[in-house]
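Q: Build me a structure from this.
(chains A and B)
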Amino acid sequence: MDKVIIAQDLSLSYSNNETIINKANFSIDSGSFIFITGASGSGKSTLLKSLYGSLKAKQGSLIVGGVELRGVTTSKLNFLRRHIGIVFQDYKLVKEWTIEKNIMLPLIINGYEKGVTQNQVDSLLKHVRLKHQAGKYPLELSGGEQQRVAMARALAHNPILILADEPTGNLDDYSSQLIWNLLEGANEQLNTTVIVVTHNIPRNLNVDYKHYNIEYGSIHEVV
Amino acid sequence: MKSFKNHFSLVIALVSILFSIQIFIIVDRTMEAYKQNLANNYSIIIISQKKLQNKEIIDVSELIDSVRELSADNVIERLNSGITEKNKELLKLTLPKFYKLTLTQYPSPNQIKKLRENLLKISSIKKVEDFSHSHDTTYKLLVLFKTVVFVFAIVVFIVTTLLIFKELRIWQFKHNERMSIMALFGAPVWLRSAVLFRLAIVDAIIAGIIAFALFMYISSAPLVQEQFENLSINIVIFDVVNDAATLFGASMILSIILALMIVIGHKEEV
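A: Got it, this is the predicted structure:
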């Protein structure tokens, strides 16, 4: 099976030089569903940031989608990011855009035609049960609704990899279930690799998944 | 309302800069016209023992525009007490020759001094009357006025630069989040900055139109025209083609520089 992520002796740290992840070695198969857990401050979100190139590796090698992220050029990083869907804990929606335009963002960046873009956005809005809110702005929605918009945006361009940072952290059961269903659907139907950073793995998940735990700077698989 | 607020602050800053640029242009134009007026009314008298060719005098300095020999008749008329025509002609021949020099521009005291020295190098010229005292007073006033205008321009430039930098910080704050989000989804720099540049260009055009309308009104206002007539100055207050191009160009360059600074200074949130 193809590897979508390969990390070798990967060390991560912020500017204060304190090592968060220390010489981690792991690889993730294409099309797999991965949970990464760990205590608060263990480095879960830090690892996720390194996967989309917002945090550079201090040492070692990190290859995502065939792109070595250590010393990567801006254009290569942009190219990689166009094939990744990211769901942030704080949603990161553009406040001055309607939710429809927010969902369109990856499609616009990837240069999709207007008609294709509109059809895809309409379909996603239906999936996240927000069709009736299309013209509203993010701050007019609840937290759960905003996260559903962020989820739709992450799926819009059919990415090869979805990175989700605590996507159901503060959500009600309805929104949480909707998000898990969408992640499952993307993984099963489109063979998208899904990596979710979370405190709690949902019990009623219908996909096979792998579970990694971060502790004291090292990553190990929980069997 | 939201859209209006988005444009308002930068437009105001741009209009104030364009206003000061155009005021500076008008003042500069007025000064040049006033200097030309002074130059037209200013002349130097030279007294020579023998008749000189005009070219001989003009070749002394590029400052000299024209030379006219003054007739000795007026002097002789005053002495007209029983002098015969023949003696008059003899007297005319013995009197020194007077020449009036007009200049191409209003000279500085140094230029006058140099011109005087050069003229005196012609052996037959015995006296050069340059009316330096009254010239000095006028020239000093002119220099003072120019300095005041220059200081005013510097102050306006500093204030408007501060305004622009304040605007830059607001824009950075306002656009940073959207640009960071777009970067996370792989948007190239031109796409991330497209909104910013569109906003900058629209604001530049709005500011240009406001400044254009303002100066069109000012240039046709009777009060302003009356002031220039009082100074006997005839200048174009607002050149619809050149000045408008300067204003629109300055406005566009400034706002694009502002947008570029934001794009260059943009740092992705980690």
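Q: Can you show me the helices along the chain?
A: No chain was given, so I picked chain A. For chain A, helices defined by DSSP state H occupy the ranges A:44-51, A:74-81, A:99-109, A:114-127, A:143-155, A:173-190.
Q: Please refer instead to chain B.
A: Under DSSP H, chain B gives helices at B:2-41, B:54-58, B:73-78, B:85-94, B:109-120, B:132-184, B:189-220, B:222-230, B:242-265.
Q: Could you check how far A:K114 is from B:N176?
A: 28 Å (CB to CB, to the nearest Å). Bear in mind the C-beta positions are built from the backbone N, C-alpha and C, glycine included.
Q: and A:I36, how many neighbours?
A: 25 (other CB atoms under 10 Å in any protein chain shown).
Q: Local confidence estimate at it?
A: What the model reports for A:I36 is a pLDDT of 95.
Q: Might you report the residue contacts of it?
A: A:44, A:47-48, A:195-198, A:212-214, A:219 (CB atoms under 8 Å, 6 or more residues apart in numbering or on different chains).
Q: so which of the residues you listed comes closest to B:I45?
A: A:L48 (90.7 Å; CB to CB).
Q: Check what pLDDT that closest one gets.
A: At A:L48, pLDDT is 94.
Q: quick one, what contacts it?
A: A:36, A:163, A:165, A:195, A:197.
Q: What of B:I237?
A: Contacts of B:I237 by CB under 8 Å, 6+ apart are B:26, B:215, B:218-219, B:224, B:228.
Q: Repeat the analysis, applying 10 Å as the threshold.
A: Contacts of B:I237 were listed using CB atoms under 10 Å, 6 or more residues apart in numbering or on different chains, and they are B:22, B:25-26, B:29-30, B:215-216, B:218-221, B:224-225, B:228, B:243.
Q: before we move on, what about B:Y42?
A: Contacts of B:Y42 by CB under 10 Å, 6+ apart are B:35, B:101-103, B:105-107, B:112, B:130-131, B:134-135, B:138-139.
Q: Of the residues you listed, which are in range of chain A?
A: When the contacts of B:Y42 are checked against chain A using CB under 10 Å from any CB of the partner chain, none falls in range.
Q: Let's have those in JSON lines, adding neighbour count and distance to B:S232.
A: Converted to JSON lines, these look like this (neighbours: other CB atoms under 10 Å in any protein chain shown; distance: CB to CB, whole Å):
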{"residue": "B:K35", "neighbour count": "18", "distance to B:S232": "13"}
{"residue": "B:L101", "neighbour count": "24", "distance to B:S232": "23"}
{"residue": "B:T102", "neighbour count": "16", "distance to B:S232": "17"}
{"residue": "B:L103", "neighbour count": "21", "distance to B:S232": "18"}
{"residue": "B:Q105", "neighbour count": "15", "distance to B:S232": "18"}
{"residue": "B:Y106", "neighbour count": "21", "distance to B:S232": "15"}
{"residue": "B:P107", "neighbour count": "22", "distance to B:S232": "20"}
{"residue": "B:I112", "neighbour count": "21", "distance to B:S232": "23"}
{"residue": "B:D130", "neighbour count": "20", "distance to B:S232": "23"}
{"residue": "B:F131", "neighbour count": "13", "distance to B:S232": "20"}
{"residue": "B:S134", "neighbour count": "10", "distance to B:S232": "18"}
{"residue": "B:H135", "neighbour count": "18", "distance to B:S232": "19"}
{"residue": "B:T138", "neighbour count": "16", "distance to B:S232": "14"}
{"residue": "B:Y139", "neighbour count": "20", "distance to B:S232": "18"}
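Q: circling back: could I get the contacts of A:L48 in CSV, plus columns for distance to B:L258?
A: As requested, the contacts of A:L48 are exported to CSV (distance: CB to CB, whole Å):
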residue, distance to B:L258
A:I36, 42
A:L163, 35
A:D165, 34
A:I195, 40
A:V197, 39
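Q: Going by distance to B:T160, which of these wins?
A: A:D165 (44.0 Å).
Q: how many other residues sit next to the closest one?
A: 22.
Q: Hmm, it is touching A:S54, no?
A: No. The criterion here is CB atoms under 10 Å, and A:D165 misses it with A:S54 at 11.2 Å.
Q: overlap in contacts of the two?
A: Common neighbours of A:D165 and A:S54 (CB under 10 Å, 6+ apart) are A:48, A:86.
Q: Next, count neighbours for A:V4.
A: 22.
Q: roughly how far apart are it and chain B?
A: Distance, A:V4 to chain B, by CB to the nearest CB, to the nearest Å: 16 Å.
Q: so what's that residue up against?
A: A:27-32, A:34, A:51, A:63-66, A:160-161, A:192-193, A:195.
Q: Go again with 6 Å.
A: Residues near A:V4 by CB atoms under 6 Å, 6 or more residues apart in numbering or on different chains: A:28, A:30, A:161, A:193.
Q: can you pick the most crowded of the residues you listed?
A: A:T193 (24 neighbours).
Q: So what pairs up with that residue in the strands?
A: Note on A:T193: beta-bridge partners by DSSP bridges are A:L161.
Q: Could you measure from it over to A:P106?
A: 16 Å.
Q: before we move on, what about B:D243?
A: Applying CB to CB to B:D243 and A:P106 gives a distance of 47 Å.
Q: Which one's more surrounded, the two?
A: A:P106 (29 against 22).
Q: okay, the helices of chain A in TSV with distance to B:L162 next?
A: TSV is the format used below for the helices of chain A (distance: least, CB to CB, whole Å):
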stretch	distance to B:L162
helix A:44-51	37
helix A:74-81	33
helix A:99-109	35
helix A:114-127	43
helix A:143-155	38
helix A:173-190	47
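Q: For B:T246, grab the count of nearby residues.
A: Neighbours of B:T246 using other CB under 10 Å come to 15.
Q: Fine by me, thanks again.
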